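> what shape does this take:
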Amino acid sequence: MRIFHTLFVASLIAATLAACSSLAPTQPAADTTYAITILHTNDHHGRFWQNSDGEYGMAARKTVVDTIRAEVAAAGGYSLLLDGGDVNTGVPESDLQDAVPDFKGMNLLGYDAMAVGNHEFDRSPAVLAMQRKLAAFPMLSANIYRQGARAFDAYKLFNLGGVRVAVLGLTTDDTPKLGNPDNMQGLEFRSPIAEAAKLVPELRQQADVVIAATHMGHYANGQHGTLAPGDVEMARAVKGLDLVVGGHTQNPACMQAENVLDTAYVPGSPCQPDRQNGTWIVQAHEWGKYVGRADFQYRNGSFTLVKYALIPINLKKSVTANDTARTTYTTPIAENPDMLALLQPYQDFGQKKLLVAVGSSDARLEGDRFVVRKQITNLGVLIGQAMVERTRSDFAVINSGGIRESLPAGPITYKDVLKVQPFGVTLVTLNLTGREVLDYLQSAVAMSPGAGGFAHIVGVEPLVANGQVVQARIKGAFVNPDQTYQMVINQFMAVGGDGYPTMTAHASYVDTGFVDAEVLRAYIVAHSPLEAANYAPPKGVTCQERHCE
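Sure, this is the predicted structure:
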């Protein structure tokens with residue numbers, strides 16, 4: 001009888017809640033103001049745990065999200081938490097566990113929806129299927145098709161006190177060019193702008209507010225170069241979007257002036273989001289460094305932005321000239337204990353996995369700084385080949401300062417790999433004309449031996465006379481000045497590190513999101529046991545021959 005009574009009471013409560021839900025308003029009331037807050041992140045890339053400086057991490061993020069949600073609810077408002085995609089690929093603790101801790105962390109954070117990013121296809125279809133099942137929120141993309149039907153839900157409808165909000169998901173159609181084609185067999189990536197043009201008018205019939213959660217990129221003034229069009233171009237082409245929550249380009253979409261991006265944005269300072277064709281466009285940089293907060297008011301069909309902010313998650317600045325002391329830009333944020341309890345076992349497991357062998361080599365692969373900064377070594381060639389293979393580029397250039405240790409003969413652990421490339425920088429690709437290739441190679445071969453900028457060049461053979469690059473060969477053929485070639489470098493070099501040309505403004509610049517050490521690890525796994533002889537430095541690009549007179 002007690003069991004029956006308990007079940008009866010539980011059923012009665014459930015029925016009462018269902019009845020209350022069915023009586024909830026199905027449309028907004030006239031002359032009533034609704035407060036709606038949209039929280040957003042993007043390009044998480046495996047950063048479920050804070051870094052060594054105590055920056056970002058999902059535990060501090062939860063503290064911020066919970067605080068804002070409680071504040072909004074106490075004031076009678078409503079909130080949604082959205083993500084712009086690319087949960088996968090970033091740090092070894094996450095990569096080794098197929099981003100399971102990251103998706104579980106997102107569940108605990110209470111995400112309402114996310115866009116499918118190109119890095120969601122970095123792993124096998126089975127892993128993606130596991131992640132979709134694990135996620136307690138929809139992964140949205142209207143423009144990915146399989147056999148004529150959408151492979152993901154196109155959108156999700158939410159009722160916020162009677163205000164109907166549609167969240168539409170879109171993915172860059174550059175995805176097949178950025179990832180492993182084996183993981184995308186049978187998939188068709190259609191134009192997200194064309195899909196939005198079809199769906200937005202339909203959604204305006206079903207919803208009072210239409211938001212696009214995208215992984216397309218924010219290109220100031222629509223200057224996307226050779227890349228697929230992004231959020232600005234879509235907003236200009238498709239009328240009816242109230243807000244775009246973006247990702248992919250991994251920058252704060254804070255504007256200095258109309259169509260001028262604030263490239264020197266300082267954490268904690270005011271951020272003016274982009275505005276195109278009546279559509280607000282926001283992006284929260286990357287890695288959970290920020291939680292974006294957009295406070296809107298809905299009244300009589302008008303959706304008005306009241307306030308916007310990027311909230312830094314324990315980001316720090318140096319307070320000493322030698323960077324020995326750092327402090328947070330804003331008030332420190334405590335880590336949520338429930339999130340820490342959830343993620344700690346995954347962090348511990350990931351750390352242990354770093355000591356597991358990922359491959360082996362029949363001989364030492366040379367990374368001693370006094371060697372790699374003066375001549376090409378087998379390790380430099382190995383790293384370059386790994387970069388070329390992962391990005392399907394024509395050639396790679398590596399600064400020797402990014403090679404910090406040798407790989408031993410015998411078993412190689414992930415910890416060994418991280419000693420070689422400890423900085424966690426991402427790989428960048430650029431499509432260059434033959435003339436641009438020769439210009440860049442000239443900058444590379446001019447780097448002084450002994451310095452961290454000394455270049456390891458893989459996949460292209462520069463022909464040098466009197467210190468000048470007069471020609472180069474790629475795959476045995478001379479470089480054609482009018483042909484396009486793809487180069488891969490690391491992000492440190494791309495921003496001008498070690499004195500290399502700054503390439504971030506190049507029209508074809510793409511930050512792949514692939515972390516250098518993870519790329520090297522995956523290559524070692526795939527090609528072990530390594531034969532050091534296969535990575536012997538090519539003739540014609542040694543230090544002595546570069547600088548011969």
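> residue ranges in the stretch 251-400 of the chain under the pLDDT threshold?
For the stretch 251-400 of the chain, applying pLDDT under 70 flags the ranges 323.
> can we see that at 80?
Applying pLDDT under 80 to the stretch 251-400 of the chain flags residues 320-324.
> and the strands in it?
In the stretch 251-400 of the chain, the strands defined using DSSP state E, counting those that start in this stretch lie at 255-257, 260-261, 274-276, 279-282, 290-299, 302-312, 316-318, 326-328, 357-361, 395-399.
> reformat these into CSV and put mean neighbour count next to each item.
C-beta: built from backbone N, CA, C; applies to glycine. Putting the strands of the stretch 251-400 of the chain into CSV (neighbours: other CB atoms under 10 Å) gives the following:
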stretch, mean neighbour count
strand 255-257, 13
strand 260-261, 16
strand 274-276, 19
strand 279-282, 24
strand 290-299, 21
strand 302-312, 17
strand 316-318, 13
strand 326-328, 14
strand 357-361, 19
strand 395-399, 26
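> closest one to residue 135 among those strands?
Closest to residue 135 of these is strand 290-299 (CB to CB; 19.0 Å).
> what's in contact with the closest one?
Here strand 290-299 makes contact (CB atoms under 8 Å, 6 or more residues apart in numbering) with 28, 31-41, 61, 64-65, 68, 163, 208-209, 243, 245, 252, 267, 273, 280, 282-284, 303-313, 315.
> which among the strands of the stretch 251-400 of the chain is found nearest to residue 429?
Among the strands of the stretch 251-400 of the chain, if distance is taken as CB to CB, the winner is strand 395-399, at 9.8 Å.
> counting contacts, what elements does the closest one pack onto?
On a contact count with 3 or more CB pairs under 8 Å, 6 or more residues apart in numbering; DSSP states H and E, strand 395-399 meets helix 378-391, helix 434-445, strand 455-458, strand 484-490, helix 491-494.
> next, the angle strand 395-399 makes with the longest one.
In terms of direction (axes from the mean of the first three to the mean of the last three CA atoms, to 10 degrees), helix 378-391 departs from strand 395-399 by 130 degrees.
> and helix 378-391, C-alpha only, in PDB?
Extracted as PDB, the C-alpha positions of helix 378-391 are listed here (Å, rounded to 0.1, in the frame of the first residue of the first chain):
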ATOM      1  CA  ASN A 378      65.300  14.100 -38.700                       C
ATOM      2  CA  LEU A 379      62.900  15.200 -36.000                       C
ATOM      3  CA  GLY A 380      62.300  18.500 -37.800                       C
ATOM      4  CA  VAL A 381      61.400  16.500 -40.900                       C
ATOM      5  CA  LEU A 382      59.200  14.200 -38.900                       C
ATOM      6  CA  ILE A 383      57.200  17.100 -37.500                       C
ATOM      7  CA  GLY A 384      56.900  18.700 -40.900                       C
ATOM      8  CA  GLN A 385      55.600  15.500 -42.500                       C
ATOM      9  CA  ALA A 386      53.100  15.100 -39.700                       C
ATOM     10  CA  MET A 387      51.900  18.700 -40.300                       C
ATOM     11  CA  VAL A 388      51.600  18.100 -44.100                       C
ATOM     12  CA  GLU A 389      49.800  14.800 -43.700                       C
ATOM     13  CA  ARG A 390      47.200  16.100 -41.200                       C
ATOM     14  CA  THR A 391      46.400  19.300 -43.200                       C
END
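> could you check the angle strand 357-361 makes with that helix?
120 degrees.
> could you export the strands of the stretch 251-400 of the chain as JSON lines, including distance to residue 168?
Listed next are these as JSON lines, based on distance: least, CB to CB, whole Å:
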{"stretch": "strand 255-257", "distance to residue 168": "23"}
{"stretch": "strand 260-261", "distance to residue 168": "24"}
{"stretch": "strand 274-276", "distance to residue 168": "16"}
{"stretch": "strand 279-282", "distance to residue 168": "12"}
{"stretch": "strand 290-299", "distance to residue 168": "16"}
{"stretch": "strand 302-312", "distance to residue 168": "15"}
{"stretch": "strand 316-318", "distance to residue 168": "36"}
{"stretch": "strand 326-328", "distance to residue 168": "36"}
{"stretch": "strand 357-361", "distance to residue 168": "40"}
{"stretch": "strand 395-399", "distance to residue 168": "38"}
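> out of those strands, nearest to residue 385?
Across the strands of the stretch 251-400 of the chain, closest to residue 385 is strand 395-399 (CB to CB), at 7.7 Å.
> against which helices or strands is the helix or strand just after the closest one packed?
As assigned by DSSP states H and E, the chain's next helix or strand after strand 395-399 is strand 410-413. In terms of contacts (3+ CB pairs under 8 Å, 6+ apart), strand 410-413 is packed against strand 357-361.
> got the contact list for the strand it packs on?
407-414, 417, 521, 524-525, 527-532.
> what count of nearby residues applies to the closest residue to residue 359 other than its chain neighbours?
Closest residue to residue 359 in three dimensions, ignoring its sequence neighbours and counting by CB to CB, 6 or more residues apart in numbering: residue 528, at 3.1 Å. Neighbour count of residue 528, defined by other CB atoms under 10 Å: 16.
> and what of the one 10 residues further on?
Using other CB under 10 Å, residue 538 is surrounded by 13 other residues.
> so what's it up against?
376, 381, 461.
> what about the closest residue to residue 282 other than its chain neighbours, distance to residue 280?
In this structure, residue 282 finds its nearest non-sequential neighbour in residue 273, 4.7 Å apart by CB to CB, 6+ apart. As judged by CB to CB, to the nearest Å, residue 273 and residue 280 stand 5 Å apart.
> residue ranges with poor pLDDT in the stretch 51-200 of the chain?
90, 177-181.
> next, the nearest residue to residue 158 once chain neighbours are set aside: phi, psi?
Once flanking residues are discounted, residue 158 sits nearest to residue 165: 4.5 Å by CB to CB, 6+ apart. For residue 165, the backbone dihedrals (degrees, to the nearest 10) come out as phi -120, psi 120.
> for residue 165, the count of nearby residues, please.
24.
> re earlier: in contact with the residue nearest to residue 359, which residues?
358, 359, 360, 361, 412 are the contacts of residue 528 under CB under 8 Å, 6+ apart.
> which residues are in contact with residue 468?
Here residue 468 is in contact with residue 442 (CB under 8 Å, 6+ apart).
> now do it, the pLDDT please.
Residue 468 is assigned 89 on the pLDDT scale.
> from residue 38, how far off is it?
55 Å.
> domains of the chain?
For the chain, automatic domain parsing gives the domain ranges 26-349, 357-546.
> among the contacts of residue 538, who's most crowded?
Neighbour max across those (other CB under 10 Å) = residue 376, 27 neighbours.
> what about that one, distance to residue 449?
Counting by CB to CB - residue 376 and residue 449 are separated by 11 Å.
> ditto for residue 115
46 Å.
> which of these two has more neighbours?
The neighbour comparison of residue 115 against residue 449 (other CB under 10 Å) goes to residue 115, with 32 against 14.
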